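K.L.:
Coordinates for the following, if possible.
(one chain, ligands or ions: 1)
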Amino acid sequence: MQNKKRVAIIGGGMTGLAAAYKLEQAKVHQDITYDLFEQSDRLGGKIETIVRDGFVIERGPDSFLARKQSMSRLAKEVGLEDELLSNDTGQAYILKEDTLYPMPSGAVMGIPTELKPFATTNLFSPLGKLRALGDFFIPPVVGRDEDISLGHFFRKRLGNEVVDDLIEPLLSGIYAGNLDKLSLKATFPQFQQLEAKHGSLIKGLQATRGSQTQAKDANGKKKGMFLTFRRGLQSFVEAIEAKLDTGSIHKGVSITSIQKVADAYRVTFDTGKVETYNQVIITTPPHITAGLLRSYDFFSYFKEMQASTVATVALGFEQSAVSNPYEGTGFVVSKKSSFDITACTWTHKKWRHSTPSGHALLRSYVGRAGDSAIVYQSDEEIVAAVMKDLKTIMDISGEPLFYEVTRWKKSMPQYEVGHTFKIAKMREDVARHLPGIHIAGAGLDGVGLPDCIDQGERAAERILHSI
Ligand code: FAD
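P.N.:
Model prediction:
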């Protein structure tokens, strides 16, 4: 026991859980022990599900991209494969001014791949459409090793209209960020590669899409791109937790600093207690990680890194109270519109398991990069603002049966231009000066849940290879 290598994992979100699961599996055949420290009284971090009166309500993330397979693979490992569900597909919309426009079919992250739906949509002006065709002729905007903002890249290739009315609202749903600051290289390097290879995003996407076959379900219906769990994402967290040694999981424990002492690390708790570990995996959000490692001067990027503040607002209704003339799964909001909501999912249509029959569940987002004042208002004020916005496009009678407002402050890390270079430099410094420290999580190599799993597992694997 004395010779076992001790590993601390700081943070019990998706990244920390994936790392813990990997180490738990390795314990059988490697001389290793681990302790996971989570400041709150529950695991899951940004994953949190409420199950009430037959509704399954996600406070944070609601699903994950099916094509990123690490999450489905881990679900299988922890015995939850049969609980996986894919979303119902349907028309998605863009809300611009007071009108909902169907998303032109074939658009990939807002980039057209089919010209007819793009030519016939009323979402863009004729001039806007013409400008987007410039993509066929404009020489490459970005060099292979260069980084520029998503805004700069897409505006140059496709023009402002397509960016403001389609690309920006779609990408905001993922990053809640400012397109004119977000890094192309860190968020969508594949578009940079398409430009380099095909000289045009439209041509590049047409070529790559042509080689992919669209997955269909048993009835021949197009399969959704997302997956979730029948009893919510929290059930995945619980299934992983059930596989971990309870003696290794410490909830309600906050870490305040980490310092190198000889060839080990001193981990200090908010109670003043100190423990020594051989290696440490840190999965806390960037500004917190920078604080834990404040004795070292190479975390300035993490210290300064921006993170957006948003809130999710779930509203439950009797089905009869909501009259929605639109068939589909939801909409995103063009930045040009003066709404508080930035997106809304008709959850009862996209995820049928989430809502008991005879009811409707609408989940909206408020708050965006540089404009999150609404998140700081009271629940009642936020719900009133959301209801006002929703009523511009749907008939809603009476009040919701219930609402759940969840604030996520500084929760969406912003990968601004230069992110990948700055992270690479930080990693070099850590490897040189703090070997045995492994930094992982949504602040580094991808915000999606599968990306977080990959990062947690990679950190654990590095440790297992090093001992
Ligand atoms: P976190 O989940 O933030 O976990 C970090 C943990 O560290 C937390 O539990 C925290 O309490 C703990 N901690 C902090 N400080 C300390 C300390 N000092 N000591 C000990 N513990 C500490 N991704 C998707 O793939 N699909 C989606 O649909 C989706 N939707 C999203 C919606 C919202 C509203 C948000 C905010 C994010 C969404 N994401 C989505 C992104 C995804 O949820 C996150 O990127 C991911 O959950 C982050 O996991 P993590 O483990 O890196 O960090």
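K.L.:
Pull up the distance across stretch 261-277, start to finish.
P.N.:
Its start and end residues considered, stretch 261-277 measures 10 Å (CA to CA, to the nearest Å).
K.L.:
Which residue ranges of the stretch 1-150 of the chain form strands?
P.N.:
Ranges of strands in the stretch 1-150 of the chain, per DSSP state E, counting those that start in this stretch, are 5-10, 32-38, 49-52, 55-58, 64-65, 84-86, 92-96, 99-102.
K.L.:
Those strands: which one's closest to Ile258?
P.N.:
strand 5-10 (7.6 Å; CB to CB). C-beta here means a position set from N, CA and C on the backbone, and glycine is covered the same way.
K.L.:
ok, that closest one near the ligand or not?
P.N.:
Yes - counting by CB under 6 Å from any ligand atom, contacts between strand 5-10 and the ligand involve Ile10.
K.L.:
ok, and for stretch 377-390, which residues are buried?
P.N.:
For stretch 377-390, the neighbour count (16 or more other CB atoms under 10 Å) marks 377, 382-383, 385-387, 389-390 as buried.
K.L.:
what's the most distant pair in those?
P.N.:
Farthest pair in the buried residues of stretch 377-390, by CB to CB: Gln377 and Leu390, 16.8 Å.
K.L.:
ok, back up a step: can you convert the strands of the stretch 1-150 of the chain into a markdown table and add a column each for mean neighbour count and mean pLDDT?
P.N.:
Shown next, in a markdown table, are the strands of the stretch 1-150 of the chain (neighbours: other CB atoms under 10 Å; pLDDT from 0 to 100):
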| stretch | mean neighbour count | mean pLDDT |
| --- | --- | --- |
| strand 5-10 | 23 | 97 |
| strand 32-38 | 22 | 98 |
| strand 49-52 | 15 | 97 |
| strand 55-58 | 23 | 98 |
| strand 64-65 | 20 | 96 |
| strand 84-86 | 17 | 96 |
| strand 92-96 | 22 | 93 |
| strand 99-102 | 17 | 93 |
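K.L.:
okay if I get these as TSV plus distance to Met225?
P.N.:
Listed next are the strands of the stretch 1-150 of the chain as TSV, based on distance: least, CB to CB, whole Å:
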stretch	distance to Met225
strand 5-10	31
strand 32-38	31
strand 49-52	21
strand 55-58	17
strand 64-65	6
strand 84-86	8
strand 92-96	11
strand 99-102	18
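K.L.:
re the thing from before, quick one: which of the buried residues of stretch 377-390 is nearest Tyr296?
P.N.:
Gln377 (38.3 Å).
K.L.:
what sits against the closest one?
P.N.:
Ala385 (CB atoms under 8 Å, 6 or more residues apart in numbering).
K.L.:
For the stretch 301-450 of the chain, what lies in contact range of the ligand?
P.N.:
Proximity of the stretch 301-450 of the chain to the ligand is confined to 310, 312, 408, 411-412, 441-442, 447-449 under the rule CB under 6 Å from any ligand atom.
K.L.:
picking up where we left off before, could the buried residues of stretch 377-390 go into JSON lines alongside pLDDT, distance to Gly370 and secondary structure?
P.N.:
Shown next, in JSON lines, are these (pLDDT from 0 to 100; distance: CB to CB, whole Å; DSSP: H, G, I helix; E, B strand; the rest coil):
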{"residue": "Gln377", "pLDDT": "98", "distance to Gly370": "17", "secondary structure": "coil"}
{"residue": "Ile382", "pLDDT": "98", "distance to Gly370": "18", "secondary structure": "helix"}
{"residue": "Val383", "pLDDT": "98", "distance to Gly370": "23", "secondary structure": "helix"}
{"residue": "Ala385", "pLDDT": "98", "distance to Gly370": "18", "secondary structure": "helix"}
{"residue": "Val386", "pLDDT": "98", "distance to Gly370": "20", "secondary structure": "helix"}
{"residue": "Met387", "pLDDT": "97", "distance to Gly370": "25", "secondary structure": "helix"}
{"residue": "Asp389", "pLDDT": "96", "distance to Gly370": "19", "secondary structure": "helix"}
{"residue": "Leu390", "pLDDT": "96", "distance to Gly370": "24", "secondary structure": "helix"}
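K.L.:
Appreciated, that's everything.
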